[in-house]
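K.L.:
Fold the following for me, if possible:
(4 chains)
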4 protein chains.
Amino acid sequence: MDHEAPGYTDNKAALLSRLKRIEGQTRGLHRMIAQDKYCIDILTQVSATTKALEAVALTLLDEHLHHCVADAAAQGGPVADDKIAEASAAIARLVRS
Amino acid sequence: MDHEAPGYTDNKAALLSRLKRIEGQTRGLHRMIAQDKYCIDILTQVSATTKALEAVALTLLDEHLHHCVADAAAQGGPVADDKIAEASAAIARLVRS
Amino acid sequence: MDHEAPGYTDNKAALLSRLKRIEGQTRGLHRMIAQDKYCIDILTQVSATTKALEAVALTLLDEHLHHCVADAAAQGGPVADDKIAEASAAIARLVRS
Amino acid sequence: MDHEAPGYTDNKAALLSRLKRIEGQTRGLHRMIAQDKYCIDILTQVSATTKALEAVALTLLDEHLHHCVADAAAQGGPVADDKIAEASAAIARLVRS
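P.N.:
I've put the predicted structure just below:
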């Protein structure tokens, strides 16, 4: 097997259903534009979709810290440092996106 | 007819194809989680999807200001004020999301 | 005189006092670090300061739309287009910061 | 002594001088408003100040993960879990601010 169970295993079902809902939201945005809906109503939906994606990211990150990062930190040394540097970079991308 | 052409009419085809791509990205996120992909790789994709949605929002907003808000402002009075207050509220939602 | 009254004139006193408070918050952050305060407590204060700055930006932008942009839009033509393009670019910087 | 050296000790001097600069930026914003400067120019400076604060937050968070969280994770058990939950909450506040 080429990878272990990821950190988000316990939340996997919930994450999958949240992403299904987000996919539905993006389809809804497409439909609103196809039907010439009012700009502001579309923007409201874009904000809601962005917030839903952000919530998925925060769940993934929380699980990643509790599992992958915690395990690496328990080992210490360069493994721990690399894992934490990688998590930090992902957090910076999220904060800036 | 229950509404006029929205502000984004000139960009409609481009917006529709960008939203198709974003829908594809959310489906990709679903697949990555279904396949137990590594948390950080998923987070990178979430950031890319969020940025793509943000770019759609900024295009919609720009068109809205250039058309709907500009037209209302040309009329002046309460119509203009209401339109601008509505746009301001949408901008605040975007900045905070 | 090299400029007219800016759009935020009616809110000027309130904006000045909000910026005084924000300056105080940044001085507080400096003091927390000088005194080796706990990272998480400092981060909480950074988030509060960022939100306060964001609120100032949204007030300035709202006034700018209600006054400068509305006046330019009432004139129409390239003056209106330029003013709106400039506001759009400022909104994009805010959304991305 | 009522607290250990915080995670950001190695960056303390740099953080202090960055905060001095941010304090100067907020004073500059105050001056711009006092002098009735143009809204858009002020907004540009607000975006720069927000980005500078965000960079401070990301440095603090990175150091916090590399030191406080890594140490707690090495101990394991509830100490580790609490520390990670606390860091996650701070990250969520940053992403949303």
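K.L.:
going forward, measure contacts and count neighbours with C-alpha atoms only.
P.N.:
Fine.
K.L.:
Number of residues surrounding the closest residue to residue A:37 other than its chain neighbours?
P.N.:
Ranked by CA to CA, 6 or more residues apart in numbering or on different chains and with sequence neighbours excluded, the top spatial neighbour of residue A:37 is residue B:6, at 7.0 Å. Residue B:6: 19 surrounding residues under other CA atoms under 10 Å in any protein chain shown.
K.L.:
Phi first, then psi, for residue B:6.
P.N.:
phi -70, psi 170 (degrees, to the nearest 10).
K.L.:
Now do the same contact list for it.
P.N.:
Residues near residue B:6 by CA atoms under 8 Å, 6 or more residues apart in numbering or on different chains: A:36-39, B:64, B:68.
K.L.:
List the buried residues in the one helix or strand in chain A whose mean pLDDT sits lowest.
P.N.:
Across the helices and strands of chain A, mean confidence by mean pLDDT, DSSP states H and E is lowest for helix A:70-75: a mean of 92. Buried residues in helix A:70-75, counted by 16 or more other CA atoms under 10 Å in any protein chain shown: A:70-74.
K.L.:
which among those are in contact with chain D?
P.N.:
Restricting the buried residues of helix A:70-75 to those touching chain D (CA under 8 Å from any CA of the partner chain) yields A:70-71, A:73-74.
K.L.:
tell me which of those is nearest to chain D?
P.N.:
Each of these was checked against chain D using CA to the nearest CA; the closest is residue A:74, at 4.0 Å.
K.L.:
Name all residues that make contact with that closest one.
P.N.:
A:80, D:70, D:73-76.
K.L.:
Just the element for the most centrally placed residue in chain A, please.
P.N.:
With distances taken as CA atoms, centre = their mean, the residue of chain A nearest its centroid is residue A:57 (2.2 Å). Using DSSP states H and E, the element containing residue A:57 is helix A:39-64.
K.L.:
Pull out the buried residues from that helix.
P.N.:
Buried residues in helix A:39-64 (16+ other CA under 10 Å): A:39-40, A:42-64.
K.L.:
quick check, it touching chain C?
P.N.:
No - taking CA under 8 Å from any CA as the criterion, helix A:39-64 and chain C are apart, separated by no less than 11.4 Å.
K.L.:
Quick check: mean pLDDT of stretch A:78-88?
P.N.:
Mean pLDDT, stretch A:78-88: 95.
K.L.:
What separation do you get for the residue nearest to residue A:37 and chain C?
P.N.:
Distance, residue B:6 to chain C, using CA to the nearest CA, to the nearest Å: 17 Å.
K.L.:
That residue and residue B:65: what is the separation?
P.N.:
11 Å (CA to CA, to the nearest Å).
K.L.:
Can you list the low-confidence ranges for chain A?
P.N.:
Along chain A, the parts satisfying pLDDT under 70 run over A:1-4.
K.L.:
what helix or strand does the closest residue to residue A:19 other than its chain neighbours sit in?
P.N.:
Using CA to CA, 6+ apart and skipping residues adjacent in sequence, the residue nearest residue A:19 is residue B:30, 5.8 Å away. If you go by DSSP H and E, residue B:30 is part of helix B:12-34.
K.L.:
Measure how far that helix is from the centre of its chain, please.
P.N.:
Relative to the centre of its chain, helix B:12-34 is centred 14 Å away, using CA atoms, centre = their mean, to the nearest Å.
K.L.:
Return the list of helices and strands in contact with it.
P.N.:
If you count contacts as 3 or more CA pairs under 8 Å, 6 or more residues apart in numbering or on different chains; DSSP states H and E, helix B:12-34 packs onto helix A:12-34, helix B:39-64.
K.L.:
That helix: which residues count as buried?
P.N.:
Quick answer for helix B:12-34 (16+ other CA under 10 Å): B:12, B:15-16, B:18-19, B:22-30, B:32-33.
K.L.:
Contacts only, for residue A:36.
P.N.:
With contact taken as CA under 8 Å, 6+ apart, residue A:36 is in contact with B:5-6, B:9.
K.L.:
State the three-state secondary structure for it.
P.N.:
Assigned with DSSP: H, G, I helix; E, B strand; the rest coil, residue A:36 falls in the coil class.
K.L.:
Surely residue A:83 is in contact with residue A:69?
P.N.:
Yes - counting by CA atoms under 8 Å, residue A:69 is a contact partner of residue A:83 at 6.0 Å.
K.L.:
quick one, which of those two is more surrounded?
P.N.:
For residue A:83 versus residue A:69, neighbours defined as other CA under 10 Å are more numerous around residue A:69 (29 against 18).
K.L.:
Check the spacing between that one and residue D:73 real quick.
P.N.:
8 Å.
K.L.:
With residue A:59 instead?
P.N.:
To residue D:73, residue A:59 is 19 Å away according to CA to CA.
K.L.:
Over to residue A:7?
P.N.:
Per CA to CA, residue A:7 is found 15 Å from residue D:73.
K.L.:
How about residue A:31?
P.N.:
For residue A:31, the distance to residue D:73 equals 47 Å [CA to CA].
K.L.:
same deal with residue A:78?
P.N.:
15 Å.
K.L.:
same question, residue A:93
P.N.:
Here residue A:93 is placed at a distance of 24 Å from residue D:73 (CA to CA).
K.L.:
Check residue A:66 too.
P.N.:
9 Å.
K.L.:
Ok, residue A:6 next?
P.N.:
Counting by CA to CA, the gap from residue A:6 to residue D:73 is 18 Å.
K.L.:
What distance do you get for the nearest residue to residue A:15 once chain neighbours are set aside to residue A:10?
P.N.:
In space, and not counting its chain neighbours, residue A:15 is closest to residue A:56: 6.9 Å by CA to CA, 6+ apart. The gap separating residue A:56 from residue A:10 is 14 Å, by CA to CA.
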